[in-house]
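Participant: okay, predicted coordinates and the sequence, questions at the end:
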Amino acid sequence: MKIVERYILRRTFVIALAALFWTLAVVWTVQALARINLVTDKGQSALTFFHMATLVLPSIIPVILPFTVAIGISQTLTMMNSDSELVVINAAGSSRMTTIRPALVLAIGACFLSFFVQNVIDPPARLGLRTLVAKASADLISTVVQEGSFRRVDEGLYVQIGARLPDGRLGGIFVADSRQKDVDLVYYAKEGLLTTRDDRAMLIMSDGVVHRKSPGQEVSVIRFTSYVLDLSVFTSASAYMVMYAKDRPLSYLANPDPNDPFFKEAPQEFNTVFHQRLTEWLYPLVFALIALAVAGDARSHREARVHPMVTALVIALLVRWMSFFVGGKAETDASYVPLLYVIPLVSSAISVWYLATNKAMELPVKWTDRMGASFRRTSERFTLFRMRLFGASTPGGGSA
């Protein structure tokens, strides 16, 4: 590789890596906060929360990696064009492959990384995440036995423990059970004990009352000396363990177990995920070709209606949206599966055609005009809001 090509590759790699880091940080934060209830509701530690948040990363990287490649290539070439570096390279007699080759090297490396993460790292990470969530949901000792806290054991079942007595018993038990449709049960007990009988978790309550609200809004109060609430269904991690098609490795998707209950329920979903695994790793290369077609030539961008990086990202988002749309349709209709291969191949072919004919890939004029008009309206509204909020300044420095 020539010195100029290494220079372009280094600049592109740095920008793509920075874009990957910050985009990954934002998306990871959103995904992690969506699972904060593992700590708040299940009584788990912060270490468990961060472990779970880390396991989310492998499923995010393959999605955002193609966009970071497009950002790195388009931004690098745009900056080089603005600094007249591309003009100098062309004037020196270098071929177009001088700028294309480094971008392709970066894109191919990203393709291999995406395939490795999605098919080798992501399935075990998803399995670990589901196992962690299942164990946390089944951990009644940490969920229920928390003094003075109101804990949700399951949808419609809440438990509060007033105190933990020295002999291991529980004091001041409150249970609200609305799992049965149109029937609300509320238990109050002075004392209780969380124990196991025949491998079944039991909450034994003593000296209390139960309030039963019937569908007719009638409330009956029954006093009891001892009452047993069966919690065994919530103490088995397997009861919470759900393995979807996306959680399976590529080898399993190629030959799924016929007795798998989820495969029996949705066999086409397994087939769709299998073909998605074989095509989604191509998108870093597809987006790289799009970025090259948009910003790969030495030309004046002063008359461009939209920044080349914005154009490349809009086109990339459109292609990715089509792939997601087709993937959703393919889960129920097998006729959409071939389109999973058609979209990246056709997108690449169109980009290669633009490169071969030395034409710039641009958004339609109507789109750019609407985007420009929308930006101007937003800017005017923001200026008007700022003037109303802070007051408009007169030329003499006073307020209008």
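Facilitator: Nice, thanks for sending it over.

Participant: for the rest of this, base every contact and every neighbour count on C-alpha atoms.
Facilitator: Noted.

Participant: distance check, residue 329 against residue 320.
Facilitator: Residue 329 sits at a distance of 14 Å from residue 320 (criterion: C-alpha to C-alpha, to the nearest Å).

Participant: so between these two, which is more surrounded?
Facilitator: The residue with the greater number of neighbours, taking residue 329 and residue 320 and applying other C-alpha atoms under 10 Å, is residue 320; the counts read 20 against 16.

Participant: so the more buried one is in which element?
Facilitator: Per DSSP states H and E, residue 320 falls inside helix 308-330.

Participant: return the alpha-carbon coordinates of that helix using CSV.
Facilitator: Output of helix 308-330 as CSV, limited to C-alpha atoms (Å, rounded to 0.1, in the frame of the first residue of the first chain):
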residue,chain,number,x,y,z
PRO,A,308,-21.8,14.8,1.4
MET,A,309,-21.8,13.0,4.7
VAL,A,310,-25.5,13.8,5.3
THR,A,311,-26.2,12.5,1.8
ALA,A,312,-24.3,9.3,2.4
LEU,A,313,-26.1,8.7,5.7
VAL,A,314,-29.5,9.4,4.3
ILE,A,315,-29.0,6.9,1.5
ALA,A,316,-27.5,4.4,3.9
LEU,A,317,-30.5,4.8,6.3
LEU,A,318,-32.9,4.3,3.4
VAL,A,319,-31.1,1.1,2.4
ARG,A,320,-31.0,-0.1,6.0
TRP,A,321,-34.7,0.7,6.5
MET,A,322,-35.5,-1.5,3.4
SER,A,323,-33.5,-4.4,4.9
PHE,A,324,-35.3,-4.1,8.2
PHE,A,325,-38.7,-3.9,6.5
VAL,A,326,-38.0,-6.9,4.4
GLY,A,327,-36.7,-8.8,7.4
GLY,A,328,-39.9,-8.1,9.3
LYS,A,329,-42.0,-9.3,6.4
ALA,A,330,-39.8,-12.4,5.8
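
Participant: where along the chain do the strands fall?
Facilitator: Counting by DSSP state E, the chain has these strands, from start to end: 150-154, 157-164, 170-177, 184-197, 200-213, 219-230.

Participant: each with direction, which strands does the third one pair with?
Facilitator: Right, the one you point to is strand 170-177. If you go by DSSP bridges, strand 170-177 pairs up with strand 157-164 (antiparallel), strand 184-197 (antiparallel).

Participant: dump those strands to TSV, plus mean pLDDT, mean neighbour count and distance to residue 49.
Facilitator: Shown next, in TSV, are the strands paired with strand 170-177 (pLDDT from 0 to 100; neighbours: other C-alpha atoms under 10 Å; distance: least, C-alpha to C-alpha, whole Å):
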stretch	mean pLDDT	mean neighbour count	distance to residue 49
strand 157-164	79	19	22
strand 184-197	81	18	26
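
Participant: for residue 18, which of those is the nearest?
Facilitator: strand 157-164 (45.2 Å; C-alpha to C-alpha).

Participant: chain center to that closest one: distance?
Facilitator: 34 Å (C-alpha atoms, centre = their mean, to the nearest Å).

Participant: tell me the pLDDT at residue 205?
Facilitator: At residue 205, the model reports a pLDDT of 85.

Participant: that one pairs with what?
Facilitator: According to DSSP bridges, the residues that bridge with residue 205 are residue 192, residue 227.

Participant: now it: how far from residue 52?
Facilitator: Between residue 205 and residue 52 the computed distance is 34 Å (C-alpha to C-alpha).
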